[in-house]
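Peer 1: Okay, structure incoming, though there's no sequence with it:
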């Protein structure tokens, strides 16, 4: 994976976990940042010099609170589970899996608005979907602009006025449990890269 593709994926992960659930009441002017429906989204991300674009396919399952990210043309995919608070990187070429803690503390549960600092900027149409554009500040204090649908699907993210990731295709449909299964016969590799165990 190129460094820009990694940074786009990292930004998406950070944005999805940057805000924790408010148990007392929803914040009045903040987006839903976790999908309330199962969804399959294809994103484009500028990944290199000359405007080269990389693809990322993200599938979200609401009941399992889990997401699968498949970078385009890669033998690696990632499964994040917020029930077990783990991120598993699966290398299908080498039959390896690496399990690490999921980034962030928690996520806003589906149907709950985010906590944090948000400023509504307006609306946009991305991939045939209407989304609300927000200025957001992440856990590292970096300002971003993010566009979320009313049911919590991230359609676009910008940093420094530059698009980092943008949806090109959105399908709301049930996502099967099998998509998120980690192969049991794959060898485990430590997150620090200390080899198989």
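Peer 2: Cool, the structure landed. Predicted model, so just to flag it, every value in this text is computed and none were measured.
Peer 1: hey, let's count contacts and neighbours off CA atoms from now on
Peer 2: Noted.
Peer 1: buried ones in stretch 63-78?
Peer 2: Using 16 or more other Cα atoms under 10 Å as the test for burial, stretch 63-78 gives 65, 66, 67, 68, 69, 70, 71, 72, 76, 77, 78.
Peer 1: Which strand or helix spans the fifth one?
Peer 2: Taking DSSP states H and E as the criterion, the element that holds residue 69 is strand 66-71.
Peer 1: which residues are contacting the helix or strand just after that strand?
Peer 2: Counting by DSSP H and E, the next helix or strand C-terminal to strand 66-71 is strand 76-81. Contact partners of strand 76-81, identified using Cα atoms under 8 Å, 6 or more residues apart in numbering, comprise 64-71, 86-93, 102, 180.
Peer 1: now the single longest strand found in the chain: mean pLDDT?
Peer 2: Secondary structure assigned by DSSP state E gives strand 162-172 as the longest strand of the chain. Strand 162-172 carries an average pLDDT of 96.
Peer 1: low-confidence ranges in the chain?
Peer 2: 1-28, 47-51, 105, 138-139, 192-197 (pLDDT under 70).
Peer 1: One more pass at 80, please.
Peer 2: For the chain, applying pLDDT under 80 flags the ranges 1-28, 47-51, 104-106, 137-142, 191-197.
Peer 1: Do a quick rundown of the helices in it.
Peer 2: 3-17 (DSSP state H).
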